[in-house]
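Asker: No letters, just coordinates:
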């Protein structure tokens, strides 16, 4: 089983749509969770951290289910500028600063 | 000002050559990393390094060696380059105790 699994997509959605990405992780010792965004031919950039209580940042909502080892990202009212690859990221365990990246889910928002 | 910078941006070289990629961060971070992103876009950690500790991913061939002249720099030296080394190499940094990592723009290496 891969450490961090994501649906690779691509997800092609019209502007204004709501889209959800899912991710599962295998390391039950993981304590920190993130979504990074990577634009084509660019470096990954932190989009948001994911907290157990769930968190929201504007149009973006992240959820964590520790029991199921499952993380989600919801994007509401999609914009053209949201087109990118979204990487699910987990750390290697308590106190570890080693991050494990999923392969990413590609999103294309279509006019 | 660029927070994490890498040089060169592109590197095309022949098999068997030795090459280095440089990384510098001006964020005052304690920890730096090298990642490899292959053609399938899978981003995998190669090394993490702070002043006290070098952690090596066991799958990285010993032809790859990180060198840190000071806290702000972590260079990657690659000996006897192979076709399979072709990839994008990203440098990153973070503050010790914090997990948010800041990435450089990447170095696109092509081995012919």
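Answerer: Thanks, I have the structure now. All figures in this text were calculated on a predicted structure; none of them were measured in a lab.
Asker: Quick check: residues of chain A near chain B?
Answerer: Within chain A, the positions adjacent to chain B are A:32, A:34, A:42-46, A:49, A:85, A:87, A:91, A:97-101, A:103-104 by C-beta under 8 Å from any C-beta of the partner chain. C-beta: built from backbone N, CA, C; applies to glycine.
Asker: Among those, which lie within strands?
Answerer: A:34, A:44-46, A:49, A:85, A:87, A:91, A:99-101 (DSSP state E).
Asker: hey, where'd the strands end up in chain B?
Answerer: Under DSSP E, chain B gives strands at B:4-7, B:10-13, B:19-25, B:31-37, B:43-49, B:54-56, B:64-70, B:73-78, B:87-94, B:102-103, B:107-111.
Asker: OK, contacts around the residue in chain A positioned nearest to chain B?
Answerer: Taking C-beta to the nearest C-beta, chain B has its nearest neighbour within chain A at residue A:43, 3.8 Å off. Contacts for residue A:43 (C-beta atoms under 8 Å, 6 or more residues apart in numbering or on different chains) come out as B:90, B:103-106.
Asker: Which pLDDT value belongs to it?
Answerer: Note on residue A:43: pLDDT of 95.
Asker: Correct me if wrong: residue B:55 contacts residue B:47.
Answerer: Yes: here residue B:55 reaches residue B:47: they are 6.8 Å apart, a contact under C-beta atoms under 8 Å.
Asker: out of those two, which sits in the busier spot?
Answerer: residue B:47 (20 against 15; other C-beta atoms under 10 Å in any protein chain shown).
Asker: Beta-bridge partners for that one, please?
Answerer: Beta-bridge pairing for residue B:47 (DSSP bridges): residue B:34, residue B:56.
Asker: Provide a list of residues in contact with it.
Answerer: Counted by C-beta under 8 Å, 6+ apart, residue B:47 has contacts B:33-34, B:54-57, B:60, B:64, B:66, B:74, B:76.
Asker: In chain B, what helix or strand scores lowest on average pLDDT?
Answerer: Taking mean pLDDT, DSSP states H and E as the measure, chain B has strand B:54-56 as its least confident helix or strand, at a mean of 78.
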